[in-house]
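S.K.: kindly generate the corresponding structure for this input.
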Amino acid sequence: MNAEEKLLKNGYEGTMFLSDYSYDDALVGVTTDKRAVYDYDLMVQWLVEKEGFEDDIEAMEWIDYNTIRAVPYFGSTAPVIFYPKDYEEQTALEYLMDHAYGDEVKLLEGLDDCFLGLTADDAPVYDFALSEKAVPGIGCRDYSIYDNPPVFLVKL
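M.R.: Sure thing, here's the model as predicted:
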């Protein structure tokens, strides 16, 4: 199923998605404000497996130069690309320290088990369903005062 079909099947008509390349298998969900969300590692894998890129390095260079640099030009409904945690048991703080972020990223309290990774512009990404269980109503709060407000991922 391609990205557009996946979005339509889940009721997200009109959601902007990546189309050149479409990274179909890397579309993992949408944000609570209905922006498509792509997993960077799955994007790399998709280019190698589906588009015949020689290796991960060639695919990463393509994504970094041709896709991530273009996303800001899409405006406020632009798709989100995120870098997932390195392994499931890794805490949010361990992830930030392993990637030399230190105190630069504002994490939300009580959501360590919901942390999935960081967006390409360094905003924390949280699993929306788990976040709502941990802190009811968290997805409705206004985080616009943050430099990089958190992203809540609704998985498809």
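S.K.: burial count for residue 83?
M.R.: By other CB atoms under 10 Å, 17 other residues sit near residue 83. The way it works is simple: take the backbone N, C-alpha and C, and place the C-beta from them, glycine included.
S.K.: that one looks like it's in a helix, true?
M.R.: No: Residue 83 sits outside any helix when classified using DSSP: H, G, I helix; E, B strand; the rest coil, being strand.
S.K.: give me every residue that touches it.
M.R.: For residue 83, the contact set (CB atoms under 8 Å, 6 or more residues apart in numbering) comprises 40-41, 117-120.
S.K.: residues touching whichever strand or helix holds residue 133, excluding its own?
M.R.: Using DSSP states H and E, residue 133 sits within helix 128-134. Outside of helix 128-134, the residues within contact range by CB under 8 Å, 6+ apart are 32, 108, 110-111, 113-114, 138-139, 152-155.
S.K.: if you set the cut-off to 7 Å instead, what comes out?
M.R.: Contacts to helix 128-134, defined as CB atoms under 7 Å, 6 or more residues apart in numbering, come from residues 32, 110-111, 113-114, 138-139, 152-154.
S.K.: most neighbours of all the residues you listed, which one?
M.R.: residue 152 (29 neighbours).
S.K.: does it belong to a helix, a strand or coil?
M.R.: Going by three-state DSSP: residue 152 is strand.
S.K.: now, which of the contacts of residue 83 sits nearest residue 68?
M.R.: Nearest to residue 68 among those is residue 120, at 5.0 Å by CB to CB.
S.K.: residue 68 is in contact with that closest one, correct?
M.R.: Yes: here residue 120 reaches residue 68: they are 5.0 Å apart, a contact under CB atoms under 7 Å.
S.K.: overlap in contacts of these two?
M.R.: With CB under 7 Å, 6+ apart as the test, residue 120 and residue 68 both reach residue 81.
S.K.: cool, thanks, talk later.
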